[in-house]
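Undergrad: turn this into a model:
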Amino acid sequence: MTPAYFPILKAKDAEFKALSEAKDIVKKTMIPLFDIPKFNPELKRYQGSPHPKATFLDELSVAIKDVWSSMPLMFDSYHWQTPGDRTETGEHHLSYLYESLKSNGLNPIPVIGYDRWDDEEYRAGLKTITGSHTGLVCLRLDRYAFDDANDPEYLKE
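TA: Numbers count the residues shown, from 1 in each chain. Reported below is the predicted structural model:
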């Protein structure tokens with residue numbers, strides 16, 4: 001069945017619960033986009049952790065795996081603190097999450113945020129992913145992209 005529904009979901013408990021209860025026939029019609037929530041280092045479970053951001057992203061990867069199995073999914077960090085933010089290991093948060101999703105047997109589709117493309121670290125993180133990723137990518141446009149469409153060369157760049 002061809003997917004016809006692309007819900008944008010906060011990667012939080014309520015959305016995971018809703019997806020876990022969705023029927024397989026419904027799941028086959030969608031490719032969800034998981035918006036990774038802001039990392040909160042103040043949460044007690046990350047206190048004392050040597051790699052709290054990496055732990056947070058690994059937990060999200062497992063939570064997604066538990067509800068979505070091997071079907072395609074999109075992921076983005078639109079709400080992340082800064083577009084170029086890195087984990088404690090020095091890896092860009094998006095490339096870290098991509099590898100975590102892949103290692104959990106998932107089929108992740110990276111989302112390229114038009115609004116964040118000017119950030120050099122963000123571009124570098126996405127280039128790390130697209131260097132090995134052979135599948136689809138998603139381009140997430142913001143309202144300013146439509147204004148930029150008046151200058152096709154800029155938009156293409």
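Undergrad: so Ser95 belongs to a helix, correct?
TA: Yes - using DSSP: H, G, I helix; E, B strand; the rest coil, the assignment for Ser95 is a helix.
Undergrad: just the pLDDT for it.
TA: Model confidence at Ser95, given as pLDDT, is 94.
Undergrad: isn't it right up against Thr130?
TA: No - Ser95 is beyond contact range of Thr130, at 9.8 Å (criterion: C-beta atoms under 8 Å). Where you see a C-beta, it was placed from the backbone N, CA and C, and this is true even at glycine.
Undergrad: list the buried ones in the longest helix anywhere in the chain?
TA: Longest helix in the chain, counting residues (DSSP state H): helix 52-68. By neighbour count with 16 or more other C-beta atoms under 10 Å, helix 52-68 contains the buried residues 52-58, 60-61, 63-65, 67-68.
Undergrad: run through who's touching the lengthiest strand in the chain.
TA: For the chain, the strand that runs over the most residues, judged by DSSP state E, is strand 107-113. Strand 107-113 is contacted from outside by 31, 33, 70-76, 78, 83, 94, 97-98, 101-102, 122, 126, 129-130, 133, 135-140, 142, using C-beta atoms under 8 Å, 6 or more residues apart in numbering.
Undergrad: could you do stretch 91-98 as well?
TA: 36, 53-54, 57, 60-61, 75, 77, 80, 84-87, 89, 108, 110, 121-122, 124-126, 128-129, 133.
Undergrad: for it, the distance to its chain's centre please.
TA: Put simply, stretch 91-98 sits 9 Å off its chain's centre (C-alpha atoms, centre = their mean, to the nearest Å).
Undergrad: and that stretch, what's buried?
TA: 91-98.
Undergrad: quick one: which of these is nearest Lys17?
TA: Nearest to Lys17 out of the buried residues of stretch 91-98 is Leu97 (C-beta to C-beta; 21.0 Å).
Undergrad: count of neighbours near Arg45?
TA: 10 (other C-beta atoms under 10 Å).
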